[in-house]
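Novice: What would the 3D arrangement of this be:
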Amino acid sequence: MHGTLAPIAWIVVGYGAIVAIAAGVGVVLRAPRPRWLDQMAWMLELICVVLGLGALGSLLQGHRPPSMETHIGYLAALVCIMPVAILSMREERESWSSGVVAVAAVATVVVAVRLMVTR
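Specialist: Residues are numbered from 1 along each chain as shown. Reported below is the predicted structural model:
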């Protein structure tokens, strides 16, 4: 990852891990998904958008990864995973919906790491 984008990517990884752990605790406790977990998930999405815009800006400045298609695919996945997960179960507050947030957060972490690796 180019220059100042690596710290932002590590913030995504760290915060995504926190969201996944918090959601996992909700699943283990079999508690309804709390509203604050939704807010944490949307904050993760906001950080992902910042990282995505930074990576897009880096591409526009001429920094080319070895595999452009893979890199752009990771960028698209980075900003799409969390909204799709949250919006697909927005009306459901059961404990399993916390599991959806946990899986989406883990997937976001994996994509952020892969984005760093492909750069």
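Novice: how about whatever helix or strand Val12 lives in: buried residues?
Specialist: According to DSSP states H and E, Val12 maps onto helix 5-29. Neighbour-count burial for helix 5-29 flags 5, 8-9, 12-13, 15-16, 19-20, 22-24, 26-27 (criterion: 16 or more other CB atoms under 10 Å). Placement of C-beta: from N, CA and C, glycine included.
Novice: With pLDDT as extra columns, can I get those residues in CSV?
Specialist: Putting the buried residues of helix 5-29 into CSV (pLDDT from 0 to 100) gives the following:
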residue, pLDDT
Leu5, 83
Ile8, 92
Ala9, 92
Val12, 96
Val13, 96
Tyr15, 97
Gly16, 97
Val19, 97
Ala20, 97
Ala22, 96
Ala23, 96
Gly24, 95
Gly26, 93
Val27, 94
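Novice: Tabulate those residues (JSON lines), appending distance to Arg64.
Specialist: Below are the buried residues of helix 5-29 laid out as JSON lines (distance: CB to CB, whole Å):
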{"residue": "Leu5", "distance to Arg64": "14"}
{"residue": "Ile8", "distance to Arg64": "20"}
{"residue": "Ala9", "distance to Arg64": "18"}
{"residue": "Val12", "distance to Arg64": "22"}
{"residue": "Val13", "distance to Arg64": "24"}
{"residue": "Tyr15", "distance to Arg64": "28"}
{"residue": "Gly16", "distance to Arg64": "27"}
{"residue": "Val19", "distance to Arg64": "32"}
{"residue": "Ala20", "distance to Arg64": "32"}
{"residue": "Ala22", "distance to Arg64": "37"}
{"residue": "Ala23", "distance to Arg64": "36"}
{"residue": "Gly24", "distance to Arg64": "38"}
{"residue": "Gly26", "distance to Arg64": "42"}
{"residue": "Val27", "distance to Arg64": "41"}
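Novice: Any chance you could list what contacts the helix holding Val12?
Specialist: Under the contact criterion CB atoms under 8 Å, 6 or more residues apart in numbering, helix 5-29 has outside partners 1, 33-34, 37, 40-41, 43-44, 47-48, 50-51, 54-55, 58, 78, 95-96, 98-99, 101-102, 105-106, 108-109, 112-113, 115-116, 119.
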